[in-house]
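**Student:** next input, structure requested:
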Amino acid sequence: MRLPHGLDGNGRNIYIAKTTPLSVVKLYQEQFERDFLLFLELRYKELVLGGQMVLTFLGRKDEDVYSGNLSYLYELLAQSLWSLVEKGLVEKEKLSSFNGPFYGPSVGEVKEVVKRSGLFDMNHIKLFESNWDPYDDSEDGNIQDSIRSGLNIAKSVRAVTETLFVSHFGESVLDALFKEYASKMAEYLERGEKKRYSVIILSLQRR
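**Tutor:** Down below sits the predicted model:
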């Protein structure tokens, strides 16, 4: 997803958090709709009549945009970045100008864009959940080792976002950032049940 313009009002956040203004939330939602619609239009041109595709991507369980676990994940990352500002490792101005180019849609939002496109029939859509810790495949809500899980989650998030952070903050801050993130994640997990990603699977057929 491309980064929406006009996110200056997002305060100390790098994604949608509890303190994110509705005006900023709307910018994220509108950008997702534009990008997903463009994606469908391009795939429509590539597929033959009746051709099918299956998409898998992160979303959120509830319609309430503030309630997704993805928001908590990136809220802790924002806190870690601000800790580096306080330690003099990251410039405040650089962090204030940074927002994440991602969005976790609800199933309802996905359905709405597919319907609006008029290009595909929806064969199937389903949401399932996957633990933040990629090495934890248990289904209960208990966390056996919050420090270990914090490290595992930090490593997996780093693998996905490293290029993004290097391009904005430089490579020198990475180790300190994700060490801080692993620590904050462990503290967060210690206070409650394990968290899960909401993953959307979508099967479409070209009209």
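**Student:** for the rest of this, base every contact and every neighbour count on C-alpha atoms.
**Tutor:** OK.
**Student:** tell me which helix or strand comes right after the helix-or-strand element of the chain with minimal mean pLDDT.
**Tutor:** The weakest-scoring helix or strand in the chain, judged by mean pLDDT, DSSP states H and E, is helix 92-96 (a mean of 93). Per DSSP states H and E, helix 92-96 leads on to helix 107-117 as the next helix or strand towards the C-terminus.
**Student:** residues touching that following helix, excluding its own?
**Tutor:** Around helix 107-117, the neighbours that count as contacts under Cα atoms under 8 Å, 6 or more residues apart in numbering are 33, 36-37, 40-41, 59-61, 63, 120, 122, 125-127, 200.
**Student:** what ranges does the chain have for its strands?
**Tutor:** Per DSSP state E, the chain carries strands over the ranges 52-59, 120-131, 196-206.
**Student:** relative to strand 52-59, how tilted is the last one?
**Tutor:** An angle of 160 degrees separates the directions of strand 196-206 and strand 52-59 when computed by axes from the mean of the first three to the mean of the last three Cα atoms, to 10 degrees.
**Student:** need the contact list for the residue nearest to residue 181 when sequence neighbours are not counted.
**Tutor:** Among residues not flanking residue 181 along the chain, residue 80 sits closest, at 5.4 Å (Cα to Cα, 6 or more residues apart in numbering). Contact analysis of residue 80 by Cα under 8 Å, 6+ apart lists 177-178, 180-181, 184.
**Student:** kindly report the same for residue 20.
**Tutor:** Residue 20 neighbours (Cα under 8 Å, 6+ apart): 9-11, 13.
**Student:** residue at max distance from the center of this structure?
**Tutor:** residue 49 (32.6 Å; Cα atoms, centre = their mean).
**Student:** for the contacts of residue 20, which one is nearest residue 155?
**Tutor:** residue 13 (21.1 Å; Cα to Cα).
**Student:** name the nearest residue to that closest one, ignoring sequence neighbours.
**Tutor:** Nearest to residue 13 is residue 78, by Cα to Cα, 6+ apart, at 5.9 Å.
**Student:** spatially nearest residue to residue 185 (excluding sequence neighbours)?
**Tutor:** Residue 185's closest residue in space is residue 150 (Cα to Cα, 6+ apart), at 5.0 Å.
**Student:** quick one, what contacts that neighbour?
**Tutor:** 133, 181-186, 189.
**Student:** how many residues are close by the residue nearest to residue 13?
**Tutor:** 22 (other Cα atoms under 10 Å).
**Student:** if I look at it, how far off is residue 180?
**Tutor:** 11 Å (Cα to Cα, to the nearest Å).
**Student:** kindly report the same for residue 122.
**Tutor:** Distance from residue 122 to residue 180, by Cα to Cα: 42 Å.
**Student:** who has more neighbours, the two?
**Tutor:** Neighbour count, other Cα under 10 Å: between residue 122 and residue 180, residue 180 has more, with 20 against 15.
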